[in-house]
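Asks: Fold the stuff below for me.
(chains A and B)
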2 protein chains.
Amino acid sequence: MTPSLDDVLAAAQRIEPHVHRTPVATCETLDRMAGARLLLKCENLQKAGAFKARGATNAVFALDKASASRGVCTHSSGNHAAALARAAALRGIPALIVMPSTAPRVKVAAVEAYGGRITFCEPTLAARESTLEAIVASTGATFVHPYDEPLVVAGQGTCALELLEQAPDLDVVMTPVGGGGLASGTCITLAARAAGVRFVGAEPASADDARRSLELGRLVPSEDPVTVADGLRTALSRLTFGILSRHAEAILTASEDQIIAATRLLWERAKLVVEPSGAVPLATVLAHRERFAGLSVGIVLSGGNVDLDRLPWPAH
Amino acid sequence: MTPSLDDVLAAAQRIEPHVHRTPVATCETLDRMAGARLLLKCENLQKAGAFKARGATNAVFALDKASASRGVCTHSSGNHAAALARAAALRGIPALIVMPSTAPRVKVAAVEAYGGRITFCEPTLAARESTLEAIVASTGATFVHPYDEPLVVAGQGTCALELLEQAPDLDVVMTPVGGGGLASGTCITLAARAAGVRFVGAEPASADDARRSLELGRLVPSEDPVTVADGLRTALSRLTFGILSRHAEAILTASEDQIIAATRLLWERAKLVVEPSGAVPLATVLAHRERFAGLSVGIVLSGGNVDLDRLPWPAH
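Replies: As a prediction, the model looks like this:
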């Protein structure tokens, strides 16, 4: 079921004690480069380092006592897993996480630091799903999907609620688009609270299944794309595709080089550690300057979890 | 003349249109490691990437019209130079900057980006001073010292004004100590506005001239120390030594390895790009945990200007 603004407002109240109201940063240099006014919503400074804390916390704290006591589980290569492990720890329930054996070291360490119990599997969707099913069958844990879940989408929608309060004169809001949870939560909030503010999604050109899905009017699967924006490799779900089809003005893309350059700009000029997935909207604005000239653009810097031993640009 | 709280309040009003009210960040992981509650005042997100924008802007906008028209000048290897160039550009007057030929590439680029006119000199204090004197003699520009200047100290004191509003229950405030401008501005604000909040300075153990000066009760010169915290190599001035002698509870130190580790923690866990000088207070808290156990500690992350091609830790 598609979440409504009421679901987003309920989520905001439910998660308020457990997540940060993240600041909005500005940077003259980036504004000059973009020819636009950029309002950077710093979800890289969110608990567990990404917006995923919002949706995961909402899903965990919405569970009734009996379900909660059996724990929660998910499959995720990264930020959603850490966020779910953190939320479960806050509620004092188990978090059972299926991760591909190829998951980045720092993302594994984050899940472990929050007390999540990890089961590794082959890095295929089939292996993830069968491993997860076995866990659900043996434990009765509730599966919290990273984005095909109304409570998660409603939780992600709370980010735009804050942004609209913090930056009241926006023309456009942009988020990265992976599975579409953040993007569709943002759309729900904008449509109900600020109908004049458009939503534009941002995707790597090499992982543009969402752009193609919206153009073709049907869900295009993601075919294991290669991109530095490792959080954006997943495809939309039926839920998020439906919401984005109704509300997104467009999905625009940026190249790998543009994503890496935008990541570096955020570190160097905005002094914010943002992971490449979180830099895709900035990369996209800079790659499509004519489209944003003179506008006030809200940009969600979606996460900041990177391995400092493996920077996205070459070492000198 | 030692600035008063009134001077700090006047500075706050004067610079308000030109600088950021920077956010205060928190990080559960760092709190756990420190055994204290850390309130991180993000001056790395300040205009021009450091608290120096406060003092420099105050000094430039306090000038009368006639003096202003002849421009401002300074010698500085870094953040003060960029901040002064930016403030001068905002007021539409020239900024003449003497920099050592060894100044980091990114810091030179920042001064140039703000339109500052650079004269390079040998990397000695004598060469800096004689080069600057020649510029003053030929142009009539006003010398804005990086810290031995009441208007600059008053400007730096505005950071603590904001911090006290943003984090009302502090036990201690810590800043790095280089020339002592930020430290002494902070002391003035704390003494007048929050007498129960102590001030502790943080210095590299290998550049601990301020600690020794306070212990001996006389100004100890800085003897060209080697430290990764390149903003903290300068010695106190008579002005800042006087203020710190009256108000600082202590100056504590951290080793080079501890400073590098704290810098990396801020990037990795707090997602904030902080330069090593700005990580010295965190390094110091972690090196002296017993002293801060259970306290609320305001920490000024003083700047974020780093060369991403020369990270302070070894590449992998």
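Asks: For the longest helix along chain A, output the C-alpha coordinates as PDB.
Replies: In chain A, ranked by residue count with DSSP state H as the criterion, the top helix is helix A:150-166. What follows is helix A:150-166, C-alpha atoms only, in PDB (Å, rounded to 0.1, in the frame of the first residue of the first chain):
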ATOM      1  CA  PRO A 150       5.600   1.200   3.100                       C
ATOM      2  CA  LEU A 151       7.000   1.800   6.600                       C
ATOM      3  CA  VAL A 152      10.500   2.200   5.200                       C
ATOM      4  CA  VAL A 153       9.300   4.600   2.400                       C
ATOM      5  CA  ALA A 154       7.300   6.600   5.000                       C
ATOM      6  CA  GLY A 155      10.400   6.800   7.100                       C
ATOM      7  CA  GLN A 156      12.600   8.100   4.300                       C
ATOM      8  CA  GLY A 157       9.900  10.700   3.500                       C
ATOM      9  CA  THR A 158      10.700  12.400   6.800                       C
ATOM     10  CA  CYS A 159      13.900  13.800   5.300                       C
ATOM     11  CA  ALA A 160      12.000  16.000   2.900                       C
ATOM     12  CA  LEU A 161       9.700  17.200   5.700                       C
ATOM     13  CA  GLU A 162      12.700  18.600   7.500                       C
ATOM     14  CA  LEU A 163      14.300  20.000   4.300                       C
ATOM     15  CA  LEU A 164      11.100  21.900   3.500                       C
ATOM     16  CA  GLU A 165      11.200  23.500   6.900                       C
ATOM     17  CA  GLN A 166      14.900  24.300   6.700                       C
END
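Asks: quick one: average pLDDT of that helix?
Replies: For helix A:150-166, the mean pLDDT works out to 98.
Asks: Now do the buried residues in it.
Replies: For helix A:150-166, the neighbour count (16 or more other C-beta atoms under 10 Å in any protein chain shown) marks A:150-164 as buried. Heads up, the C-betas are built off the backbone N, CA and C, glycines and all.
Asks: Among these, which one sits closest to A:Leu311?
Replies: Nearest to A:Leu311 among those: A:Cys159, at 26.4 Å, using C-beta to C-beta.
Asks: How about the closest one: what's its closest non-neighbour residue?
Replies: Closest residue to A:Cys159 apart from its sequence neighbours, by C-beta to C-beta, 6 or more residues apart in numbering or on different chains: A:Phe51 at 5.5 Å.
Asks: contacting residues around A:Gly217?
Replies: Contacts for A:Gly217 (C-beta atoms under 8 Å, 6 or more residues apart in numbering or on different chains) come out as A:Ser245.
Asks: Do me a favour and get the backbone dihedrals for it.
Replies: When read as degrees, to the nearest 10, the backbone of A:Gly217 gives phi 70, psi 20.
Asks: Tell me the secondary structure of the residue nearest to A:Pro104 when sequence neighbours are not counted, please.
Replies: The shortest distance from A:Pro104 to any non-neighbouring residue, by C-beta to C-beta, 6+ apart, is to A:Asp307 (5.7 Å). Under DSSP: H, G, I helix; E, B strand; the rest coil, A:Asp307 falls in the coil class.
Asks: Write out the residues of the stretch 101-250 of chain A neighbouring chain B.
Replies: The stretch 101-250 of chain A comes close to chain B at residues A:Val106, A:Ala113, as judged by C-beta under 8 Å from any C-beta of the partner chain.
Asks: And the strands in the stretch 101-250 of chain A?
Replies: Assigned by DSSP state E, counting those that start in this stretch, the strands in the stretch 101-250 of chain A fall at A:117-121, A:142-143, A:172-176, A:198-204, A:250-254.
Asks: Make JSON lines from those and add mean pLDDT and mean neighbour count to it.
Replies: As requested, the strands of the stretch 101-250 of chain A are exported to JSON lines (pLDDT from 0 to 100; neighbours: other C-beta atoms under 10 Å in any protein chain shown):
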{"stretch": "strand A:117-121", "mean pLDDT": "95", "mean neighbour count": "16"}
{"stretch": "strand A:142-143", "mean pLDDT": "98", "mean neighbour count": "17"}
{"stretch": "strand A:172-176", "mean pLDDT": "98", "mean neighbour count": "28"}
{"stretch": "strand A:198-204", "mean pLDDT": "98", "mean neighbour count": "26"}
{"stretch": "strand A:250-254", "mean pLDDT": "98", "mean neighbour count": "22"}
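Asks: got those as a markdown table, with distance to A:Ile243 columns?
Replies: Output for the strands of the stretch 101-250 of chain A, formatted as a markdown table (distance: least, C-beta to C-beta, whole Å):
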| stretch | distance to A:Ile243 |
| --- | --- |
| strand A:117-121 | 29 |
| strand A:142-143 | 20 |
| strand A:172-176 | 12 |
| strand A:198-204 | 10 |
| strand A:250-254 | 13 |
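Asks: Quickly note the distance from the residue nearest to A:Pro104 to B:Ser302.
Replies: Distance of A:Asp307 to B:Ser302, given as C-beta to C-beta, to the nearest Å: 26 Å.
Asks: Name the residue in these two with the higher neighbour count.
Replies: B:Ser302 (33 against 15; other C-beta atoms under 10 Å in any protein chain shown).
Asks: That one is in contact with B:Pro276, isn't it?
Replies: No. The pair B:Ser302 and B:Pro276 does not pass the contact test of C-beta atoms under 8 Å, sitting 10.4 Å apart.
Asks: Overlap of the contact sets of those two?
Replies: Common neighbours of B:Ser302 and B:Pro276, using C-beta under 8 Å, 6+ apart, do not exist here.
Asks: Buried residues, the least confident helix or strand in chain A by mean pLDDT. List them.
Replies: Counting by mean pLDDT, DSSP states H and E, the weakest-scoring helix or strand in chain A turns out to be helix A:105-113, with a mean of 87. For helix A:105-113, a neighbour-count test (16+ other C-beta under 10 Å) marks A:Val106, A:Lys107, A:Val108, A:Ala110, A:Val111, A:Ala113 as buried.
Asks: so can I have JSON lines of those showing distance to A:Thr227?
Replies: Below are these laid out as JSON lines (distance: C-beta to C-beta, whole Å):
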{"residue": "A:Val106", "distance to A:Thr227": "18"}
{"residue": "A:Lys107", "distance to A:Thr227": "16"}
{"residue": "A:Val108", "distance to A:Thr227": "20"}
{"residue": "A:Ala110", "distance to A:Thr227": "21"}
{"residue": "A:Val111", "distance to A:Thr227": "22"}
{"residue": "A:Ala113", "distance to A:Thr227": "26"}
